[in-house]
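A.B. asks: Turn this into a model:
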Amino acid sequence: MNQALNLAVIELLEARNTLSLKSLEQVKNVPDVTAPNQGELRNLINSGIIPELELVHCINAISGFSVMDRDHFPLSALPESVGLSRFLKDHESIPVSINNGSLDLVMSDPSNTFIIKIVEAKLNCRVRPCIGVRSDIVSHLNQLYRDTQDSTRAASVQNQDTPSDLDSDSPLIRDIHKLLQSGVSRGASDIHFEPSSAGLVVRFRVNGLLETVQNFSKDDRPRVIARLKLMSKLDVTQKRLAQNGRFQFPANGRTLDFRSSTLPLHNGESIVLRILEAQLGEAPLKELGFRQSVVDRLTHDVNLRQGLILVTGPTGSGKSTTLYSLLSMLNKPELKLITIEDPVEISLRNTNQIQVDEEHGVGFAAALKSVLRQDPDVIMVGEIRDLETAQLAAQAALTGHLVLATLHTNSAIAAMARLRNLGIPDFLIDSSLRGILGQRLIRKACVECCAVSENGCRQCNGTGFSRRTVVAEYLPFREHHTLQTPVNELNNQLLDGMTMLSDANRLLSDGLTTEQEVHRVLGIYV
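C.D. replies: You can find the predicted model right below:
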């Protein structure tokens, strides 16, 4: 049945034209890596190539299994199912309710008769299988059985640094893979693995805020860290020095880049995974949430292909994504684009990208000197940190290059004081700078509950918010002789006369965010 359903799903996907030719070819060639009692459909679900919701609808259309969304998942675990918690987690199945001897069981693979027979035998009931979105099932299982200890795992682990069971059939590895897929489905930007007295705490950063999603035991902690290091091609035996790596992982219909960073702490090692969305590297400015006047002005200024454009804001304010969007706009066969980044977050097509490596003498300034000898048209400097880099960037802008760079300041206007503090003379700023963009990311109110409920809703995981958009201010520079303008009058020179607060008020008036969120992001009451 699994094999027949697998083939039918592929045929339906092909008929609907919902996948690219490359993805469809990947689907047809998914390797057979399943364990016994699981079939080819399990391979398709595990591959992560097909968007989860699309896969659910395909299986429903072909097999007739009813679809159950997360709003109908049980709020607490069935008492009868607690003893099966490990089995249910491994096989991604949630017992929903028992009525008249019949159990509704929501599954990621409802065609797996092996799971159905085991549950029927253990709970002495008849099972009615339903299908649900896999990441929703995995996330909900972790909540339902959070405090349940796994009696079949644990005692055999002996604190080994490199465990011998790091193979694809290991339950622990499946847990880690499910966790990564759940993070992608939830829209997490980072996944934090942090040591604690009890073991290892896992937290997702979703829309800029952290939330705890899972806890691994103290026995499992070294094995989880070792697995993540192996995936990132890091030295598993090195525990005293910070390490950086990266790997690719298929989830939610696409292959994503994960950037990993380890940090030794007094009670163990912390690992943070940054999830890099390659699609964001090519997203137009409008899709990022910029108002139309900012899009038009930025488009005009970068198309002049000369001068220095700065993007300012704190860490995590979306500066790199904005720069990638601008580069994508300029990515044409007749232009040579070179970037200097620390680290390279997203691989851009037809772009020469340099990874900063201070230990081997490849800093921003040194790399920029070399780049200027490569006859580039557009240069992107990941961050201006010192006087030498700032001078080289400004001088490059004077010699016919378009230079895009980031600067850590709180506003567009503050960037000028920052450049002066670095030691850049006024005449160089005045003659090279074309514009300064200041931006922040702000959470949008959930469209389902509109953030009116303190507990939110299931759609927004109880936060009252879903996704983020950008608020921005843009300071056009050259024609206004901005350096000669008193600081208290600079706000009037901002594009549309709008600060980031004004832009946030625009979202407030449209009901897209809340006053509390504006205060959290901008530190200003409205």
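
A.B. asks: C-alpha only now, for contacts and for neighbours.
C.D. replies: Fine.

A.B. asks: Mind pulling up the pLDDT for the most centrally placed residue in the chain?
C.D. replies: In the chain, the centroid-proximal residue (CA atoms, centre = their mean) is residue 189; its distance is 3.0 Å. According to the prediction, residue 189 has pLDDT 93.

A.B. asks: these two touch, right, it and residue 206?
C.D. replies: Yes. Here residue 189 reaches residue 206: they are 6.2 Å apart, a contact under CA atoms under 8 Å.

A.B. asks: what about the stretch 51-200 of the chain, any weak spots by pLDDT?
C.D. replies: The stretch 51-200 of the chain contains residues with pLDDT under 70 at 146-169.

A.B. asks: Do you have the strands of it handy? List them.
C.D. replies: With DSSP state E, counting those that start in this stretch as the criterion, the stretch 51-200 of the chain has strands at 93-99, 102-107, 126-131, 188-195, 199-206.

A.B. asks: Please name whichever of the ones you listed is nearest to residue 354.
C.D. replies: Residue 354 lies closest to strand 188-195 among the strands of the stretch 51-200 of the chain, at 23.2 Å (CA to CA).

A.B. asks: which strands and helices sit next to that closest one?
C.D. replies: Counting contacts by 3 or more CA pairs under 8 Å, 6 or more residues apart in numbering; DSSP states H and E, strand 188-195 packs against strand 199-206, strand 268-276.

A.B. asks: Who does the last one pair with, and is each partner parallel or antiparallel?
C.D. replies: Pointing back at strand 268-276 there. strand 188-195 (antiparallel), strand 254-265 (antiparallel) (DSSP bridges).

A.B. asks: Make a markdown table out of the helices and strands packed on strand 188-195 and add mean neighbour count and distance to residue 356.
C.D. replies: Compiled in a markdown table, these are given as follows (neighbours: other CA atoms under 10 Å; distance: least, CA to CA, whole Å):
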| stretch | mean neighbour count | distance to residue 356 |
| --- | --- | --- |
| strand 199-206 | 21 | 26 |
| strand 268-276 | 21 | 18 |
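
A.B. asks: among those, which is nearest residue 100?
C.D. replies: strand 199-206 (39.0 Å).

A.B. asks: C-alpha coordinates for the helix or strand following that closest one, CSV please?
C.D. replies: Remark: after strand 199-206, the chain's next helix or strand is strand 209-217, criterion DSSP states H and E. The C-alpha atoms that make up strand 209-217 are tabulated as CSV, following Å, rounded to 0.1, in the frame of the first residue of the first chain:
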residue,chain,number,x,y,z
LEU,A,209,12.0,36.1,20.4
LEU,A,210,13.1,32.8,22.0
GLU,A,211,10.8,30.0,23.1
THR,A,212,11.7,26.7,24.7
VAL,A,213,10.5,23.7,22.6
GLN,A,214,12.3,20.6,24.0
ASN,A,215,14.7,19.3,26.6
PHE,A,216,17.2,16.5,26.2
SER,A,217,18.4,14.5,29.2
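
A.B. asks: what does strand 209-217 rub up against?
C.D. replies: 139, 142-143, 146, 198-205 (CA atoms under 8 Å, 6 or more residues apart in numbering).

A.B. asks: can you state the direction angle for that strand and strand 188-195?
C.D. replies: 40 degrees (axes from the mean of the first three to the mean of the last three CA atoms, to 10 degrees).

A.B. asks: Distance to residue 336 added to the helices and strands packed on strand 188-195, as CSV?
C.D. replies: CSV is the format used below for these (distance: least, CA to CA, whole Å):
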stretch, distance to residue 336
strand 199-206, 36
strand 268-276, 24
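
A.B. asks: Between the ones you listed, which one is closest to residue 309.
C.D. replies: For residue 309, the closest of the helices and strands packed on strand 188-195 is strand 268-276, at 24.1 Å, according to CA to CA.

A.B. asks: ok, residues contacting the closest one?
C.D. replies: Residues contacting strand 268-276 (CA under 8 Å, 6+ apart): 184, 188-195, 225, 239, 256-264, 345-346.

A.B. asks: From the residues you listed, list just the buried residues.
C.D. replies: With burial judged by 16 or more other CA atoms under 10 Å, the buried subset of the contacts of strand 268-276 is 184, 188-195, 225, 256-264, 345-346.

A.B. asks: now the strands for the stretch 351-500 of the chain?
C.D. replies: Counting by DSSP E, counting those that start in this stretch, the strands of the stretch 351-500 of the chain are 352-355, 378-381, 402-407, 433-445, 465-476.

A.B. asks: what would these look like in JSON lines with distance to residue 3?
C.D. replies: What follows is the strands of the stretch 351-500 of the chain, written out as JSON lines (distance: least, CA to CA, whole Å):
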{"stretch": "strand 352-355", "distance to residue 3": "44"}
{"stretch": "strand 378-381", "distance to residue 3": "50"}
{"stretch": "strand 402-407", "distance to residue 3": "52"}
{"stretch": "strand 433-445", "distance to residue 3": "43"}
{"stretch": "strand 465-476", "distance to residue 3": "37"}
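
A.B. asks: Take the ones you listed and write them to JSON lines, including mean pLDDT and distance to residue 44.
C.D. replies: Shown next, in JSON lines, are those (pLDDT from 0 to 100; distance: least, CA to CA, whole Å):
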{"stretch": "strand 352-355", "mean pLDDT": "93", "distance to residue 44": "34"}
{"stretch": "strand 378-381", "mean pLDDT": "97", "distance to residue 44": "40"}
{"stretch": "strand 402-407", "mean pLDDT": "96", "distance to residue 44": "42"}
{"stretch": "strand 433-445", "mean pLDDT": "94", "distance to residue 44": "34"}
{"stretch": "strand 465-476", "mean pLDDT": "92", "distance to residue 44": "28"}
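
A.B. asks: And those: which comes nearest residue 9?
C.D. replies: Judged by CA to CA, the one of the strands of the stretch 351-500 of the chain that comes nearest to residue 9 is strand 465-476, at 30.6 Å.

A.B. asks: For that closest one, enumerate the helices and strands it packs against.
C.D. replies: Judged by 3+ CA pairs under 8 Å, 6+ apart, the packing partners of strand 465-476 are strand 433-445, helix 500-509.

A.B. asks: let's see it at 10 Å
C.D. replies: strand 199-206, helix 285-288, helix 292-303, strand 307-312, strand 433-445, helix 500-509, helix 515-522 (3 or more CA pairs under 10 Å, 6 or more residues apart in numbering; DSSP states H and E).

A.B. asks: relative to strand 209-217, how tilted is the first one?
C.D. replies: Looking back up the chat, that one is strand 199-206. Going by the same axes, to 10 degrees, strand 199-206 makes 150 degrees with strand 209-217.

A.B. asks: what's the burial count for residue 300?
C.D. replies: 11 (other CA atoms under 10 Å).

A.B. asks: Look up how far residue 500 lies from it.
C.D. replies: For residue 300, the distance to residue 500 (CA to CA, to the nearest Å) stands at 21 Å.
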